[in-house]
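>>> What follows is a predicted protein model with its sequence.
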Amino acid sequence: MLAGGDRRPALLLRRRRPVERLREPLTGRVAEKVEHAHHERVTVCDLHEQVFAWTRPYSRLMVPFILALAFAAPQPPVWIQRANVPPPIVAWRLADVLGTPIVEGIAVDRDATAGTLTVSVVDSRFDPRQIVRQRDLPGSRVRWLRAGTRDGLFRFQIAVDVIDHGQETAYLLRVRRGFQLELARTMRGRNLSSRVFAR
């Protein structure tokens with residue numbers, strides 16, 4: 001206290017004491033908690049920065065490829081592809097439609113120029129494999145392909161559902177003598193069941 005009873009300097013010093021106290025180093029658990037919180041904050045921040053820096057370009061470039069890969073139809077066996085079936089093969093199935101001990105390959109390829117789908121029966125007894133039955137159908141896309149007794153048809157039957165200019169048609173083909181598959185039945189509709197020709 002100064003002469004004359006002036007207390008202002010003492011009050012000013014008293015107000016600064018908490019500030020000066022904060023400038024002193026933290027001790028004990030308080031320092032550990034602050035340091036631990038700081039490390040957690042830095043770790044979380046760094047982690048999010050790494051994730052966003054790596055995943056954003058990855059997702060933009062790879063997601064279309066991943067989706068295409070996920071929804072792409074599996075490739076037919078190599079022996080079917082070597083039977084002079086022109087690409088692209090848009091549908092295929094293994095079935096016994098000729099009555100032989102070894103199953104045949106039924107493949108459907110698309111001719112975008114002609115706007116047709118060609119159904120081929122590949123005989124696996126030959127080396128190299130050969131197309132022994134075939135028929136062209138109008139269409140650009142295959143919804144489903146079924147063949148033989150395993151799919152609820154007669155052994156010599158092949159069923160295929162195609163889309164042509166937005167119209168859906170299911171065809172029932174029959175293996176007969178000769179090279180060309182015989183057209184037995186047709187059915188038009190929307191979202192036709194794969195068992196529409198089942199026995």
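Looks like it arrived, so ask away.

>>> what's the spacing between Pro128 and Trp79?
Distance of Pro128 to Trp79, computed by Cβ to Cβ, to the nearest Å: 8 Å. C-beta: built from backbone N, CA, C; applies to glycine.

>>> who has more neighbours, these two?
More crowded of Pro128 and Trp79, by other Cβ atoms under 10 Å: Trp79, with 14 against 8.

>>> thinking the more buried one is in contact with Arg125, fair?
No - assessed by Cβ atoms under 8 Å, Trp79 is found out of contact with Arg125, at 11.0 Å.

>>> what residues do these two have in common as contacts?
With Cβ atoms under 8 Å, 6 or more residues apart in numbering applied, the contact sets of Trp79 and Arg125 do not overlap.

>>> Quick check: Gly115 touching Arg141?
No - look at Gly115 against Arg141 with Cβ under 8 Å: they stay out of range, at 11.0 Å.

>>> Could you pull up the contacting residues of the closest residue to Gln81 other than its chain neighbours?
Of all residues not flanking Gln81 in the chain, Ile89 sits nearest, at 7.0 Å (Cβ to Cβ, 6 or more residues apart in numbering). Neighbour list for Ile89: Gln75, Pro76, Ile80, Gln81, Ala107, Val108, Asp109 [criterion: Cβ under 8 Å, 6+ apart].

>>> Tell me what Ile89 is bridged to.
Under DSSP bridges, the beta-bridge partners of Ile89 are Asp109.

>>> mind checking pLDDT for it?
Ile89 carries a pLDDT score of 95 in this model.

>>> swap in the one 4 residues further on?
According to the model's per-residue confidence, Arg93 sits at a pLDDT of 96.

>>> try Ala198
92.

>>> Now do the SS call for Arg150.
Here Arg150 takes the helix state, with states given by DSSP: H, G, I helix; E, B strand; the rest coil.

>>> That one is in contact with Arg93, isn't it?
No - when contacts are counted by Cβ under 8 Å, Arg150 is not listed as touching Arg93 (9.1 Å).

>>> So if I had to pick from the two, which one is more boxed in?
Using other Cβ under 10 Å as the criterion, Arg150 and Arg93 rank with Arg93 on top: 22 against 13.
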